[in-house]
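Asks: Return atomic coordinates for the entry below.
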Amino acid sequence: MVQKNIMCPKCKNKITIDGNPGEKIFITCPKCDTKGKFTFPGSTIISDKPDDSSALEIAGVTKTFKDVKAVDNVSFSVKKGEIFGFLGPNGAGKTTTIKAILGLLHADSGKIRINGYDIKENEIEAKRSIGYLPERVSFYENLNPVQTLQFFCELQGVDKSVVKELLDEVGLSSALNRKVGGFSKGMLQLLGIAQTMIGEIPVYIFDEPMGGLDPRWVKVVRGMILKLNQQGATIMFSSHILSEVQNLCDRVVIINKGKIIAKDTVENLNNYLKIKPRLELTIPELNGKIPQKIREIEGIITIDTKDDKILITCEPSARINIISEIKNQGFDVKDVKTFEPSLEEVFMKLITKDEEENQ
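Replies: Numbering: from 1, shown residues only. The predicted structure is shown next:
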């Protein structure tokens, strides 16, 4: 982790930022609200001393397959106790990065530390510090969940007495005698989470933990992720369900074509991209037509109609005034809905922006 002092070009306010070599971060000046970005120098050097505040440190990691750079100088860190989202389109480099973190493949260059242990120099300790839930879990179908976890305890040298407690922890205590072959996908995911918890693991990587689950099981898995985090675990997960990432994650990193293109909180990324909130007002009497006096209300950026609704993009601070002004003009507003900028919008805008800049 590198710390840097920079100066706002507008108000000259000094801002302290931190990041990894090669990492691009988005900045909003706390004094004048000026937006900008800064890329740390792309050195692959990482300090010989582990960062005590980080559960995962990835610095300058590159992996090439034949002539294709699947991962290109990737750097980011995950703080202890954080829920961290790892996002990117298909083929962006997520899987390669995760495999490098897990020690399933060796990077061409760069450093990876898990809970302070270098994955190359202290491979056993590093791997003992991390639990991994793949997108598709697979277990022996003729075993029940107790037998399944006892098998993994034996492999890891952990006392089997923890098994029933783990199954109770993930909500599978009512299925102790059922064969795993009859489990639903949601139950298999919970069993997978229980398996990763064997040995009091401090760091977890979940790859698409909610993929293909119905809403009930999504809620259960979400609850387990939060529970693990509340118990002190650090969690990094990738998902295509961006609303879940937005609800759960403290920060997100977005990778595209093997390079990190953004890393920050969703709110800060949204502020940098200047994505505005939207209002949906139901006003049947307008019949799809927008009077000029509504168009002229201060704070409205764009306005459109759909059936008996008007759709408004506006400044966040203008929402209450816009609704009040429309009512004061005598219009009967039957319903009001507010839509905050979503992670999906941020994700799509950043990917599109990156594609345009690198054409």
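
Asks: so residue 212 touches residue 188, yeah?
Replies: No - assessed by C-beta atoms under 8 Å, residue 212 is found out of contact with residue 188, at 10.3 Å. In short, each C-beta sits where N, CA and C put it, glycine included.

Asks: The two - which one has more neighbours?
Replies: Under the criterion of other C-beta atoms under 10 Å, the comparison of residue 212 against residue 188 puts residue 188 first, with 18 against 12.

Asks: Which other helices and strands does the strand or helix carrying residue 146 contact?
Replies: Element membership of residue 146 [criterion: DSSP states H and E] is helix 145-156. Applying 3 or more C-beta pairs under 8 Å, 6 or more residues apart in numbering; DSSP states H and E, we find helix 145-156 packed against helix 163-169, helix 185-196.

Asks: quick one, helices of the stretch 1-150 of the chain?
Replies: Along the stretch 1-150 of the chain, the stretches classed as helices by DSSP state H, counting those that start in this stretch are 94-102, 123-128, 145-156.

Asks: ugh, wrong one, the stretch 251-359 of the chain
Replies: 266-273, 292-295, 319-328, 343-357.

Asks: could you dump the ones you listed to JSON lines with mean neighbour count?
Replies: Conversion of the helices of the stretch 251-359 of the chain to JSON lines gives the following (neighbours: other C-beta atoms under 10 Å):
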{"stretch": "helix 266-273", "mean neighbour count": "19"}
{"stretch": "helix 292-295", "mean neighbour count": "12"}
{"stretch": "helix 319-328", "mean neighbour count": "15"}
{"stretch": "helix 343-357", "mean neighbour count": "16"}
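
Asks: I'd like the ones you listed as CSV, with mean pLDDT appended.
Replies: Listed next are the helices of the stretch 251-359 of the chain as CSV, based on pLDDT from 0 to 100:
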stretch, mean pLDDT
helix 266-273, 80
helix 292-295, 94
helix 319-328, 94
helix 343-357, 84
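
Asks: hmm, who's touching stretch 253-262?
Replies: By C-beta atoms under 8 Å, 6 or more residues apart in numbering, the residues outside stretch 253-262 that reach it are 22-24, 26, 69-76, 84-89, 92-94, 96-97, 252, 263, 269, 347, 350-351, 354-355, 358.

Asks: For residue 133, see how far away the residue nearest to residue 70 when sequence neighbours are not counted is.
Replies: In this structure, residue 70 finds its nearest non-sequential neighbour in residue 96, 4.3 Å apart by C-beta to C-beta, 6 or more residues apart in numbering. Distance of residue 96 to residue 133, computed by C-beta to C-beta, to the nearest Å: 18 Å.

Asks: Next: residue 252.
Replies: Residue 252 is 19 Å from residue 133, where distance means C-beta to C-beta.

Asks: Dump the helices of the stretch 1-150 of the chain into CSV; add distance to residue 165 and mean neighbour count as well.
Replies: Listed next are these as CSV, based on distance: least, C-beta to C-beta, whole Å; neighbours: other C-beta atoms under 10 Å:
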stretch, distance to residue 165, mean neighbour count
helix 94-102, 26, 21
helix 123-128, 20, 15
helix 145-156, 10, 17
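
Asks: just the strands in the stretch 1-150 of the chain please.
Replies: Listed in chain order, the strands of the stretch 1-150 of the chain (DSSP state E, counting those that start in this stretch) span 2-7, 14-19, 24-28, 35-39, 54-65, 68-79, 83-87, 109-114, 117-118, 130-133.

Asks: Show me how the chain divides into domains.
Replies: As recorded under automatic domain parsing, the domains making up the chain are 14-272, 276-340.

Asks: right, so of these, which gets closest to residue 4?
Replies: Between residue 4 and the domains of the chain, the tightest spacing by C-beta to C-beta is seen for domain 14-272, at 5.4 Å.

Asks: From one end of the closest one to the other, what's the distance?
Replies: Counting by C-alpha to C-alpha, to the nearest Å, you get 18 Å between the two ends of domain 14-272.

Asks: How far does that domain sit from its chain's centre?
Replies: Domain 14-272 has its average C-alpha position 9 Å from the chain's average C-alpha position, going by C-alpha atoms, centre = their mean, to the nearest Å.
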